[in-house]
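Novice: Here you go, sequence then predicted model.
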Amino acid sequence: MNEERYILFDQYLQGEMTADEKTAFEKQLSENLELAAELETFKEMHLQLENKFQHEQEREAFRENLTKISDKHFNKTKPKVVLLKPWYYVAAASAAVLFGLFFFNYNQNPVFSDYNNPEHAAFTERSTADETLKEAEIFYNKKKYNKAIPFFETILQKNKTPEIQFFYGVSLLEESNFVKAEAVFNELKSGNSVYKEKAVWYLALSKLKQKDYKGCKEILQTISQDYEDYDEVELLLDQLD
Amino acid sequence: MGKSKIHPDQIYIEGLAANDSAVIQSIYKKYVPKVVLFIMNNSGDKDQAQDVVQEIMILLFNQAKAKSLQLTCPFDAYFFLLCKRKWLNELKKTANQGVTIQEDIVSMNESALELIAHTEEFDQKQELFDTMFQKLGEKCQELLKLSFSLQSMEEVAEKLNVTYGYVRKKKSLCIGQLTQWIQETKNFKSLKNN
């Protein structure tokens, strides 16, 4: 390694040369292309080092924040013990698929599996004593819908709540039990619970799974623009056109 | 590049540099799904898509911080093509057979392509630099780290319990070593291209 050369570079860049030294060095640079190229690389190393170390803390903070946002977007948040707000998860997951389909119009019909992101259920926090509910939740979250269905039915006989009805409906749809599923969603649709509009969305998905694209579209068109995930509805409509 | 007009989407770049969560979230919401779908349609899975996106985001952060990223085209096209090219390169690395890359160059304007070339060059330079930096001895690495994070070389000398003259000389030589390696790589590359 040409040690002298690099020490000279440093002195030059730090402005530590005398006027004479500087003139001589610059004359050398103009005559020696290799020397000039190496000085450029030497300067580039300074920039790289500055960039590497001066923003180190900011970079760490950015990475951390990015990972958090990314994991949330890709639905990787660890299941919390507290009651989840299921729509946030399904919204993120289905938005991913729907947006994608929107941009990639392959002129083919959308398929149910692309939109199928059943949300996580978390009932047990409120009634930890209820074994049936717990079983239902476990099977449901493990996507063993055929096993979850009888548990939901037992619960509904005792206590009919829109929430359980809704997850029952989703399970039925997953098992392609369209008649029953649609009956459940229709009941929710005519009710006034928070599941009202979501049920309509699932009715559309049911049509989609049955490849009834016209029916799917007709139902989607009935969803009000105030619906919380209306952009997804819009995108699916676009895909159906 | 300086001549071209800066696109209003530059706000995304500034937002990344400022670690603005709202901006990062809106990029994920608006532009990432398209990338995910592309990767999943091209022999990848969701996890791989997540990684590719994250790497590109960090690259953009670094480039923005180095003040060398001025968007002259819509963010959408720029971001998507960067991710896409990154993924296809990953595929090429692992695949036995060559992967056909379908470039939708027709739909891209010149400034977008120029910008992507610029970003990829930035990435390659940084990667090369990082590789070389790792080759340095521990002492050089430590000294350079302190030299570029502390305020003055006097502080560096104090921290390392050596003289000012020593750290100054050592710093020049450590950067010199990096310079030499990088210069060799550059010369080798231009030899190959000629």
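Specialist: Cool, got the structure. Worth saying up front: this structure is predicted, and the values here are computed from it rather than measured.

Novice: lowest-pLDDT helix or strand in chain A?
Specialist: Counting by mean pLDDT, DSSP states H and E, chain A has its least confident helix or strand at helix A:86-103, which shows a mean of 62.

Novice: so what pLDDT did the residue nearest the centre of chain A get?
Specialist: Residue closest to the mean C-alpha point of chain A, counted by CA atoms, centre = their mean, is A:His73 at 2.6 Å. What the model reports as pLDDT for A:His73 is 90.

Novice: I figured it was touching B:Val32, is that so?
Specialist: Yes. Counting by CB atoms under 8 Å, B:Val32 is a contact partner of A:His73 at 6.6 Å. Placement of C-beta: from N, CA and C, glycine included.

Novice: now the helices for chain A?
Specialist: Secondary structure of chain A by DSSP state H: the helices cover A:3-13, A:19-31, A:33-54, A:56-73, A:86-103, A:112-115, A:131-141, A:145-158, A:162-174, A:178-190, A:196-209, A:213-221, A:230-240.

Novice: Can you give the distance of the last one from its chain's centre?
Specialist: Using CA atoms, centre = their mean, to the nearest Å, the distance from the centre of helix A:230-240 to the centre of the chain it belongs to is 17 Å.

Novice: What of the shortest one?
Specialist: Put simply, helix A:112-115 sits 16 Å off its chain's centre (CA atoms, centre = their mean).

Novice: Likewise for the longest one?
Specialist: On the basis of CA atoms, centre = their mean, helix A:33-54 is displaced by 40 Å from the centre of the chain it belongs to.

Novice: Looking at chain B, name the residue that lies furthest from the middle.
Specialist: Chain B, CA atoms, centre = their mean, max distance from centroid: B:Thr163 (35.6 Å).

Novice: swap that for chain A, sorry
Specialist: Outermost in chain A, CA atoms, centre = their mean: A:Asp20 at 62.8 Å.

Novice: Would you mind naming the helix or strand containing the nearest residue to the residue nearest to the centre of chain A once chain neighbours are set aside?
Specialist: Closest residue to A:His73 in three dimensions, ignoring its sequence neighbours and counting by CB to CB, 6 or more residues apart in numbering or on different chains: B:Tyr28, at 4.4 Å. B:Tyr28 is part of helix B:21-30 when elements are defined by DSSP states H and E.

Novice: Does at least one residue of the helix or strand following that helix sit close to chain A?
Specialist: Later in the chain than helix B:21-30, the nearest helix or strand by DSSP H and E is helix B:32-40. Yes. Helix B:32-40 lies within reach of chain A by CB under 8 Å from any CB of the partner chain, at B:Val32, B:Pro33, B:Lys34, B:Val36, B:Leu37, B:Phe38, B:Met40.

Novice: can you give me the angle helix B:32-40 makes with helix B:21-30?
Specialist: 50 degrees (axes from the mean of the first three to the mean of the last three CA atoms, to 10 degrees).

Novice: what angle sits between helix B:32-40 and helix A:56-73?
Specialist: Going by the same axes, to 10 degrees, helix B:32-40 makes 80 degrees with helix A:56-73.

Novice: same for helix B:32-40, what does it pack against?
Specialist: helix A:86-103, helix B:46-65, helix B:75-94 (3 or more CB pairs under 8 Å, 6 or more residues apart in numbering or on different chains; DSSP states H and E).

Novice: which residues sit in contact with the spatially most central residue of chain B?
Specialist: Against the mean C-alpha coordinate of chain B, by CA atoms, centre = their mean, the closest residue is B:Asp123 at 3.1 Å. Residues counted as contacts of B:Asp123 (CB atoms under 8 Å, 6 or more residues apart in numbering or on different chains) are B:Leu59, B:Gln63.

Novice: re the thing from before, what is the nearest of the residues of helix B:32-40 next to chain A to B:Glu142?
Specialist: Checking the residues of helix B:32-40 next to chain A against B:Glu142 by CB to CB gives B:Val32 as the nearest, at 38.0 Å.

Novice: Now A:Leu208. Nearest residue, chain neighbours left out?
Specialist: A:Leu208 sits nearest to A:Cys216 (CB to CB, 6+ apart), 4.6 Å away.

Novice: ok, now which ones touch the one you found?
Specialist: So A:Cys216 contacts A:Ala204, A:Leu205, A:Lys207, A:Leu208, A:Leu236, A:Leu240 (CB under 8 Å, 6+ apart).

Novice: quick one: which of the residues you listed is nearest to B:Phe80?
Specialist: For the contacts of A:Cys216, the nearest to B:Phe80 is A:Leu236 (21.4 Å; CB to CB).

Novice: Am I right that the closest one is in contact with A:Val111?
Specialist: No. The pair A:Leu236 / A:Val111 is not scored as a contact, 11.5 Å apart, by CB under 8 Å.
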